[in-house]
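S.K.: any chance you could fold what I've pasted below:
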Amino acid sequence: MMVGWSLAVQPAFGNLQDPSQMPNMFRPASTHANSILQLSIFVLIITALIFVVVFSLLVYSIVKFRKRADDDGREPAPVYGSNQVELAWTVIPGLIVLVLFFATARVIHAIQGARKPAEAIEVIAIGHQFWWEFRYPSLGVVTANELHVPSSDPSHPTPTFITLLSADTDHSFWIPRLAGKTDLIPNRVNHMWIDPNETGIFVGQCAQYCGTQHAKMLLRVYVDAPDQFKQWVQGQTKPAHMSDAVNEGRRIFETTACINCHAVSGTVADGRFGPDLTHLMSRDTIASGAAPNTTENLRLWIHDPDAIKPGSLMPAMKLNERDLDAVTTYLETLR
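M.R.: Here you go, the predicted structure:
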């Protein structure tokens, strides 16, 4: 899995303009992630102290009781029990475990028991092999792989609450700088929330092995300023912008198997197995972050998905050059 991760990050991370947005759980950008970081540091300090004490006692024992030249070879007198020592190695570890337990329970309760304010954004995230579907029920927006949320002002939090569902097998939703990992399990509903306090792009990953292309099941979270988020929503709720000059490409798209999997608002295409393409060109990437959304990559993705994402469930459409160019040109108008 670690090899898959290293192979997957280059396409998705390569077109990030700000290197500071790279995944890094030690640079939290939300209340959720900061709580986890503080707990991690606390646990690290406790375990480091335990290591120092144990290691020091070990070194002391090695030095003090090392074999000397004047040893007569006899075994030292054994010590049969010590109430003080036994009490110490029972009570002290027990207290340490209790402290770690209560510290962890406090953070878990704060995260999982958070109340949802009336102004919170609601998103349904559905994990598919091997892409993400995002639905905003109250806003009427459907998109894929790139989650847009507004930034949250600490003085007046506007968190985003995410309902996690799976369409097939186990997945795991993870954006290191915004939240911990939460699984998506078939026939079970899980929840999480984020309240990012920085704008920018935050890259995440499916953190549960889910099949051949698990390593390239990437996701991007766009944290917009509130006004920018409203503009994005307005753009996503408009009908797809299509030019009369691409009627041939639209005809080919609507008369092939494309419409069985994909949806385009205002057309006969209403599939649910693949990403909604209504505003395809508003996204920076395709194939769940596996490649930048360029003309060349889009054309290659239609012609031979395995060239970008081996093992992808999207079939090669086997279009001739003329039809391939027409469909690509049509899809490029979906903004």
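
S.K.: could you pull out the helices for the chain?
M.R.: 2-14, 31-64, 83-112, 226-237, 247-254, 258-261, 295-303, 321-331 (DSSP state H).

S.K.: tell me the average confidence for the shortest one?
M.R.: Looking back up the chat, that one is helix 258-261. Averaged across helix 258-261, pLDDT comes to 89.

S.K.: run through the neighbouring helices and strands of that helix.
M.R.: Helix 258-261 is packed against no helix or strand, with contacts defined by 3 or more CB pairs under 8 Å, 6 or more residues apart in numbering; DSSP states H and E. C-beta: built from backbone N, CA, C; applies to glycine.

S.K.: against residue 41, how distant is the most far-flung residue of the chain relative to its centre?
M.R.: Going by CA atoms, centre = their mean, the residue of the chain most distant from its centre is residue 72, 64.8 Å out. Using CB to CB, to the nearest Å, residue 72 is found at 51 Å from residue 41.

S.K.: now swap in residue 213 and tell me
M.R.: 35 Å.

S.K.: compare the two (neighbour count), which wins?
M.R.: residue 213 (21 against 11; other CB atoms under 10 Å).

S.K.: shaky segments in the stretch 201-335 of the chain?
M.R.: 241-245 (pLDDT under 70).

S.K.: quick one: contacts for the closest residue to residue 232 other than its chain neighbours?
M.R.: Leaving aside its sequence neighbours, residue 232 sits nearest to residue 148 (CB to CB, 6 or more residues apart in numbering; 5.2 Å). Taking CB atoms under 8 Å, 6 or more residues apart in numbering, we find residue 148 in contact with 221, 222, 224, 229, 232, 233.

S.K.: what about 7 Å?
M.R.: Contacts for residue 148 (CB atoms under 7 Å, 6 or more residues apart in numbering) come out as 222, 224, 229, 232.

S.K.: what's the closest of those residues to residue 271?
M.R.: residue 232 (23.8 Å; CB to CB).

S.K.: do I have it right that the closest one meets residue 224?
M.R.: Yes. Residue 232 is in contact with residue 224 according to CB atoms under 7 Å; the separation is 6.2 Å.

S.K.: tell me the pLDDT at residue 149?
M.R.: Residue 149 is given a pLDDT of 96.

S.K.: I'd assumed residue 161 was in contact with it.
M.R.: No. At 10.2 Å, residue 149 does not count as touching residue 161 under the criterion of CB under 7 Å.

S.K.: more neighbours: those two, which one.
M.R.: Neighbour tally, residue 149 and residue 161, criterion other CB under 10 Å: the higher count belongs to residue 149, 24 against 16.
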